[in-house]
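**Q** I'd like to go over a predicted model; first the sequence, then the structure.
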Amino acid sequence: MPNPNPALLPSPALFDVTTVAQAPVEGTIERIALENLELAPNPRKHISQDSIQSLAALLMRTGQLIPCIGHRPTPHHPSVLLYDGQRRLLAAKASHELAGTDGFEGLAPVRTLIVLLLDHTPTPDEIRRIQAQANQREELSLLDQQQQFADCWHARAGLPDDDRVLAVCADLGISPKRAHNLRRQLTLPEPIRERVAERPTGQQLSVTMANRLADMHELAPHLTQAVAQRITSTDLHDNALRDLGAFVHRTIVEDEHTYAVRIDDGALLDAAEHVERARTQLTPTAREQLAQILACEHDKLDRELDTLTARAKTNALKIKITPETRDRARVGRHAYVHQRGHDFADGIWVINPAFMIDLVHEHLADHQDDQPAREQAFFAGAALDDDELRTAGQQDRERRNAQRLRQAEATNSNLGLGHDLRAGLMDPTPSQLLALKAIICHLLARHYRDIIAYGAGWTNQDRQRPVGDTGRHEPRQPDAILNAELRRALEDPDPLRGIAQLTASWAAAFVLDPDGPTRTKTLGTERTARKLADALPGGHNPLRAAAWEFLRPMLSPRLAALHRDTFVFDQPLETTVELAAHRAESDLADLELPDDTEPAAA
C-alpha cells in the first residue's frame, strides 16, 4: 500500500472517530445564553434570510439536535466564542422577532444554545476544519467559497502545487475539480467574481464562462472586462459560450475603448492607421519599453512615432500578416488566442499596442525606398534601354501589384465579413429582426403568390367576395389577397409571429378540405394543383416534414387524419417482387439445358 500524503493526515484530529478505544471527549457541554455567545470569523458571508427563518422555526418547534462548538477564552467568564453554529445563533436571535407572528403562533423564542466547549484554544487549521465541516450542511455561496478557498490556499503555502491542492481539498471537503475552478476564479477581478453562479440567471456568469474569462484575463485584462460587461442576459451568455471568438470580435467592434487588433493569415493592415491607433493606448510602462525598441530617448518618443507615421503614409505601407507574425504574437504572449478546433485556424487578437508599432518599425526598416525598381527579365534580356519602355514596365508592375493587393484585400474582407456576420447574429437588434421579417415575407410573396392567395382566399372570409345573389363566396383576386396578407404580416410588431402568419397562409393551401374550393375559378383546384405540387413535392423531403410539424398543432382532428398520409411516411414500401428468390445462389446443375448429342456440323 503506498504511503499516504502527509498533508492529508490530521495533525491531530480534533475529535478522533477512527479509534476503537473509548476515550473521553476533550470538552464539556453546557447551555449558554444567547447574550454570552459571540461568533468567530466565518467564511460564510452571504446567508439566505429564508433559511434562517426556517431554521428558527425548527429550533422553536423541535429544539436543538446538534450542539455548537465553541471555546471560553477566559475561564470562569460567561463569554463563549462560537466556531460552529453561525446559522443556529442567527436563527436563535431571529426567533425573538418571529415568535408569535403569522406562522409562528404559540412558539416561544430560543434563549440558550447547547455548546460543546473545547478545553483548549483551537489552532487555525482546526478552526478551518470545524467550519468546513459545519458549512457542508448548507452550501456556501460561490463568493464565500472563493474566499474560503483563498484563506486555506494561503495557509498551505510552501507545499508543492499538487500536494497543496490535495491538502486544501482535504481541509474543505471538496473535489480537486472544484478546487481547480475556485483557484481560476480567484484570478478574476472581484466585480466579475461576484457574478459567478452555479446556475446563472440574468447577468450572472456560469463556472465554465468564468474559467474562460480567467484564461483571457491572464493576458488581456481590459478585453476580459469588456467581454464580461457585454454579457447582460442569458441569451448573450449562451452565445458567448457557443462561439467566444465571434463574441469577442463583436465586443471589440462595439467598444471603441478596448484595444485589440485581429490578425488573420494573409490580412493587409494599414501601417499608418495602426501606429496612430496603438499610440493612444500606450501605458507609461509600454512607452518605456517602446523607447528601448526604437532606440530613442523617452522624451523623444512622440517625435519618433510622428516620423514613423509619416514614413508609413509616404510609402503607403501595408503590413501583410504571415503565419510567422501570428506565431510571434502567440508565443510572445502579445495576443489573445481563441482556439476554434483542429479544422479552423485560431482567432488571434493583438492586445499589446507596442507589438503593432514594433511590427510597423520592422517593415519600414526592411522597406528599401532608395533602390531603383528592378527591370523585368523581358527588357533585360532584349538589352533595351529606352525611357518609354522602362516607364511602361514600371506602370505594368504597379498595375499588377495593385491588382494583387486589391485581391488580397478583397479576400481578407470577405473572410472578415463572415466573422462579422457570425458575431452580428449573436445579438440581433430589433430593427434587424424587423428587416429579417420583411425579407422573408417579401420572398414568400414573390415566389408563392398564387399559393398564399389560394390558402388565405379559401380559409379567411375577409379575403372573399359574394358570388351574385347565390349566397356563396369565392376568393378575391390573387393580388388583392396577397397584398392584404403581406400587409398584415409586416404590420405585426413581433417579427417571428409576422413570418408565422404569412407562412400559415402558404401552408394552409396544402391541407384544405378538397370538397370546399371550386375547380375552375381563378383560384380553383385544377389551376392550382400543379403549382402546389411544384412548391411542395411529394415523398420524403425536409420541407414537407417541416410543413407538417408547423401545421399539425393547428389542425382539427378530422383534417389531421385526412392529410396525415400525404405528409407522414412511417410504413415501409411494399412490393410484390420476390427479391430474395431472384438474388439466391444458383448452380449450373440446376439449369435445364437440352441434350446436344449430335456432332456439330463441320
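**A** Sure, I can see it. Residues are numbered from 1 along each chain as shown.
**Q** list the residues that contact the closest residue to L58 other than its chain neighbours.
**A** In this structure, L58 finds its nearest non-sequential neighbour in A91, 7.9 Å apart by CB to CB, 6 or more residues apart in numbering. (Glycine included, C-beta is placed from N, CA and C.) When contacts are counted by CB atoms under 8 Å, 6 or more residues apart in numbering, A91 is found next to 52-53, 55-56, 58-59, 110.
**Q** helices - which of those land there?
**A** 52-53, 55-56, 58-59 (DSSP state H).
**Q** now the buried members of those residues.
**A** Burial by neighbour count, 16 or more other CB atoms under 10 Å: within the ones in helices among the contacts of A91 this picks out 52-53, 55-56, 59.
**Q** residues in a beta bridge with E30, which ones?
**A** Partner residues in beta bridges with E30: V115, with DSSP bridges as the criterion.
**Q** what helix or strand is R488 located in?
**A** Counting by DSSP states H and E, the secondary-structure element that holds R488 is helix 478-491.
**Q** how about that helix as CSV, C-alpha atoms only?
**A** Once non-C-alpha atoms are left out, helix 478-491 reads as follows in CSV (Å, rounded to 0.1, in the frame of the first residue of the first chain):
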residue,chain,number,x,y,z
PRO,A,478,-54.9,36.9,-56.1
ASP,A,479,-53.0,40.2,-56.0
ALA,A,480,-55.6,41.8,-53.6
ILE,A,481,-55.4,38.8,-51.2
LEU,A,482,-51.6,38.7,-51.4
ASN,A,483,-51.3,42.4,-50.6
ALA,A,484,-53.6,42.1,-47.7
GLU,A,485,-51.7,39.1,-46.2
LEU,A,486,-48.4,40.8,-46.7
ARG,A,487,-49.5,44.0,-45.1
ARG,A,488,-50.9,42.0,-42.1
ALA,A,489,-47.6,40.2,-41.6
LEU,A,490,-45.4,43.3,-42.0
GLU,A,491,-47.6,45.3,-39.5
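**Q** after the lowest-mean-pLDDT helix or strand in the chain, next one along is what?
**A** When the helices and strands of the chain are scored by mean pLDDT, DSSP states H and E, helix 377-382 comes last with a mean of 45. Next in sequence after helix 377-382, counting helices and strands by DSSP H and E, comes helix 387-424.
**Q** next one: that next one to chain centre, how far?
**A** Relative to the centre of its chain, helix 387-424 is centred 35 Å away, using CA atoms, centre = their mean, to the nearest Å.
**Q** same thing with stretch 235-244?
**A** Using CA atoms, centre = their mean, the mean C-alpha position of stretch 235-244 is found 2 Å from that of the whole chain.
**Q** which parts of the stretch 101-250 of the chain are strands?
**A** Ranges of strands within the stretch 101-250 of the chain are 112-118, based on DSSP state E, counting those that start in this stretch.
**Q** verify the stated contact: Q86 with P43.
**A** No: judged on CB atoms under 8 Å, Q86 makes no contact with P43 at a distance of 9.8 Å.
**Q** which of the buried ones among the ones in helices among the contacts of A91 sits closest to A547?
**A** Of all these, A547 sits closest to Q53, with 54.6 Å by CB to CB.
**Q** which residue ranges of the stretch 151-300 of the chain form helices?
**A** In the stretch 151-300 of the chain, the helices defined using DSSP state H, counting those that start in this stretch lie at 161-172, 176-185, 190-193, 207-219, 221-230, 234-242, 244-254, 271-279, 284-293.
**Q** check the stretch 501-602 of the chain too.
**A** For the stretch 501-602 of the chain, the helices identified by DSSP H, counting those that start in this stretch occupy 525-535, 542-551, 557-567, 579-582, in order along the chain.
**Q** secondary structure element holding H342?
**A** Assigned by DSSP H and E, H342 falls within no helix or strand.
**Q** oh, and call the first residue 604 from now on, that's how I've got it
**A** In the new numbering, first residue 604, that becomes H945.
**Q** so who does it touch?
**A** With contacts taken as CB under 8 Å, 6+ apart, H945 has no neighbouring residues.
**Q** isn't there a strand covering Y686?
**A** Yes: note on Y686: a strand contains this position according to DSSP: H, G, I helix; E, B strand; the rest coil.
**Q** and it, how far is that from T677?
**A** Counting by CB to CB, to the nearest Å, the separation of Y686 from T677 is 16 Å.
**Q** so which of these two has more stuff around it?
**A** The neighbour count for Y686 versus T677, taken as other CB atoms under 10 Å, is higher for Y686 (23 against 8).
**Q** what's A735 in contact with, if anything?
**A** The contact partners of A735, by CB under 8 Å, 6+ apart, come to 751, 774-776.
**Q** quick test: name the residue nearest the centre of this protein.
**A** Most central in the chain under CA atoms, centre = their mean is L844, positioned 1.6 Å from the mean C-alpha point.
**Q** out of the contacts of A735, which is most surrounded?
**A** L775 (26 neighbours).
**Q** quick check: nearest residue in space to that one, chain neighbours excluded?
**A** With CB to CB, 6+ apart as the criterion, L775 has its nearest non-adjacent residue at 4.6 Å, and that residue is A735.
**Q** quick one on the thing from earlier: my read: the residue nearest to the centre of the chain touches V810, true?
**A** No: using CB under 8 Å, L844 is not in contact with V810, being 11.2 Å away.
**Q** picking that back up, which one of the helices of the stretch 1104-1205 of the chain lies closest to R787?
**A** Relative to R787, the nearest member of the helices of the stretch 1104-1205 of the chain by CB to CB is helix 1145-1154, separated by 42.9 Å.
**Q** run the chain-centre distance for the closest one.
**A** For helix 1145-1154, the gap between its own C-alpha mean and the chain's C-alpha mean amounts to 30 Å (CA atoms, centre = their mean).
**Q** so for that helix, what gets flagged as buried?
**A** Of the residues in helix 1145-1154, those buried by neighbour count under the rule 16+ other CB under 10 Å are 1147, 1150-1151, 1154.
**Q** try stretch 778-796
**A** By 16+ other CB under 10 Å, the buried positions in stretch 778-796 come out as 782, 784-788, 790-791, 795-796.
**Q** gap between the two ends of that stretch?
**A** Start-to-end span of stretch 778-796 (CA to CA, to the nearest Å) is 20 Å.
**Q** number of residues surrounding the spatially closest residue to A863 that is not a sequence neighbour?
**A** Nearest-residue entry for A863: W952, 4.1 Å, with adjacent residues in sequence omitted and distances by CB to CB, 6+ apart. Other residues within reach of W952, judged by other CB under 10 Å, total 22.
**Q** and W952, that's in a strand?
**A** Yes: when the secondary structure is assigned by three-state DSSP, W952 falls within a strand.
**Q** now do it against D705, distance only.
**A** Distance, W952 to D705, using CB to CB: 58 Å.
**Q** and for Q667?
**A** Here Q667 is placed at a distance of 24 Å from D705 (CB to CB).
**Q** for the residue lying closest to V1070 once chain neighbours are set aside, what are phi and psi?
**A** Once its chain neighbours are removed from consideration, V1070 has its nearest residue in E1077; the separation is 5.4 Å (CB to CB, 6+ apart). Recorded main-chain torsions at E1077 are phi -140, psi 160, according to degrees, to the nearest 10.
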